[in-house]
Structure formats: C-alpha cells, structure tokens
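A.B. asks: build the 3D model from these lines:
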Amino acid sequence: MAAFCSRFRERSSQAPRTRERTTNECFAIYTPTRQIVALLNIAQAGQLRGKRVVFQIAYDEHRLATRTELLRQNGYQVVSVVGNEAAKTVLGSPQHSDLFIVGHAAPEQTRREMVDWLKVRYPRVKILALNSADDRQLADADYNAILNGPDEWLSIVTAALC
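C.D. replies: Got it, this is the predicted structure:
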C-alpha cells in the first residue's frame with residue numbers, strides 16, 4: 001500500500017483573482033493493482049473544529065465519488081474506501097469517525113461481514129447501511145436506508161450526527 005498527498009490551489013471563477021482555495025488530497029493506492037482504495041481531503045488546521053467525520057465503505061467507485069461529494073457539500077469531513085479489505089487496512093491505524101456508511105453494491109454477506117467487523121472494533125460508532133430495494137436490511141447496522149435518492153440517507157446522517 002502506498003500513500004500520496006498533494007496540495008494544489010484552485011481559483012474560484014466567482015471569487016476575486018487574489019482569492020484561492022487550497023485543497024490537500026491524500027489517497028492510498030494498493031500497489032499490486034494500482035487501484036486507489038482510499039481518498040481523504042485533509043482540512044487545513046482549524047477547519048476540522050466542529051466537523052463530523054463520515055467513513056464511507058463503498059463497492060462501486062462512481063457511487064463512492066457521488067456520495068463523497070454530497071457529504072462534503074453538506075459540511076462533513078469524508079474518508080472513502082472501496083471494499084472491505086481497503087476499509088480494514090485504513091482502519092487498522094488509529095482513526096476517528098463519527099459515522100460509518102456501508103454501501104449497497106456488494107453481496108449481502110460481504111456487507112454483513114463489514115458491519116460485524118465495525119461493530120467489534122468501533123462499538124460506539126453508529127453504522128448506516130445503504131440498501132437497494134431488493135436487499136434485506138442489515139440487522140446489526142444502527143440505521144438502514146433504501147437508496148431512492150440522497151434525501152432519505154442524508155437525513156439519517158444528519159440525525160445520527162446531531
């Protein structure tokens with residue numbers, strides 16, 4: 001596993017030319033396959049005060065990126081990984097998370113194993129399981145939401161983190 005961080009400046013088209021936003025993106029790459037398995041936008045010092053951290057385990061990169069952006073737009077710090085093994089690798093080092101989200105695009109057994117693993121290692125952190133209409137709810141998750149748009153699951157995230 002290799003980790004990389006980059007710092008770059010973006011100019012907002014709506015902001016004056018002198019105003020720039022700095023982004024610090026870190027990601028982990030599983031070297032044998034060269035696949036990005038974790039992505040984290042590290043906030044500048046002082047930006048994290050009051051921000052809640054959502055750790056997202058997804059099984060589809062496109063959905064991971066979409067949910068990550070929605071969560072960030074709603075003011076959450078987000079750590080995103082693809083798959084159970086990547087989650088276990090990243091969570092193997094000390095991490096602070098306020099909520100775990102387990103995506104829906106994997107077999108029920110895979111998702112259930114992740115929820116069980118999280119419950120053992122992070123018993124105080126709540127877990128939201130996202131389910132397709134065909135999936136059964138994951139009984140050990142604290143919250144279950146059927147994916148029919150972000151309104152329902154985002155409201156659960158907000159309620160869980162209040």
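A.B. asks: list the buried residues in stretch 133-142.
C.D. replies: 135, 138, 141-142 (16 or more other C-beta atoms under 10 Å). C-betas here are computed from N, CA, C, even on glycine.
A.B. asks: tell me the phi and psi of the nearest residue in space to residue 117 that is not next to it in sequence?
C.D. replies: Here the nearest residue to residue 117 in space, its sequence neighbours aside, is residue 88; by C-beta to C-beta, 6 or more residues apart in numbering that works out to 6.8 Å. Torsion angles at residue 88 (phi, psi; degrees, to the nearest 10) stand at phi -70, psi -40.
A.B. asks: next, work out how far apart residue 88 and residue 65 are.
C.D. replies: Applying C-beta to C-beta, to the nearest Å, the value for residue 88 to residue 65 is 21 Å.
A.B. asks: repeat that for residue 162.
C.D. replies: 26 Å.
A.B. asks: which of these two has more residues huddled nearby?
C.D. replies: Taking neighbours as other C-beta atoms under 10 Å, residue 162 and residue 65 compare with residue 65 leading, 13 against 6.
A.B. asks: what's that one in contact with, if anything?
C.D. replies: residue 80 (C-beta atoms under 8 Å, 6 or more residues apart in numbering).
A.B. asks: report the buried residues of whichever strand or helix holds it.
C.D. replies: Using DSSP states H and E, residue 65 maps to helix 61-73. Buried positions in helix 61-73, judged by neighbour count with 16+ other C-beta under 10 Å: 63-64, 67-68, 71.
A.B. asks: for stretch 109-126, same thing?
C.D. replies: Result for stretch 109-126 [16+ other C-beta under 10 Å]: buried residues 111-112, 114-115, 118, 125-126.
A.B. asks: can you pull out the strands in this structure?
C.D. replies: 2-11, 20-30, 35-42, 53-58, 77-82, 99-102, 126-131, 143-146 (DSSP state E).
A.B. asks: hmm, residue 88 is touching residue 120, no?
C.D. replies: No. In this structure residue 88 lies outside contact range of residue 120 using C-beta atoms under 8 Å: 11.4 Å.
A.B. asks: which outside residues touch stretch 148-162?
C.D. replies: Contacts for stretch 148-162 (C-beta under 8 Å, 6+ apart): 52, 54, 67, 70-71, 74, 76, 98-99, 101, 126, 128, 130, 133, 142-143, 145-147.
A.B. asks: buried residues in it?
C.D. replies: Neighbour count says stretch 148-162 has 153-154, 156-157, 160 buried, by 16+ other C-beta under 10 Å.
A.B. asks: make JSON lines from the residues you listed and add pLDDT and distance to residue 80 to it.
C.D. replies: Formatted as JSON lines, the buried residues of stretch 148-162 follow (pLDDT from 0 to 100; distance: C-beta to C-beta, whole Å):
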{"residue": "153", "pLDDT": "93", "distance to residue 80": "15"}
{"residue": "154", "pLDDT": "94", "distance to residue 80": "16"}
{"residue": "156", "pLDDT": "94", "distance to residue 80": "18"}
{"residue": "157", "pLDDT": "95", "distance to residue 80": "14"}
{"residue": "160", "pLDDT": "94", "distance to residue 80": "18"}
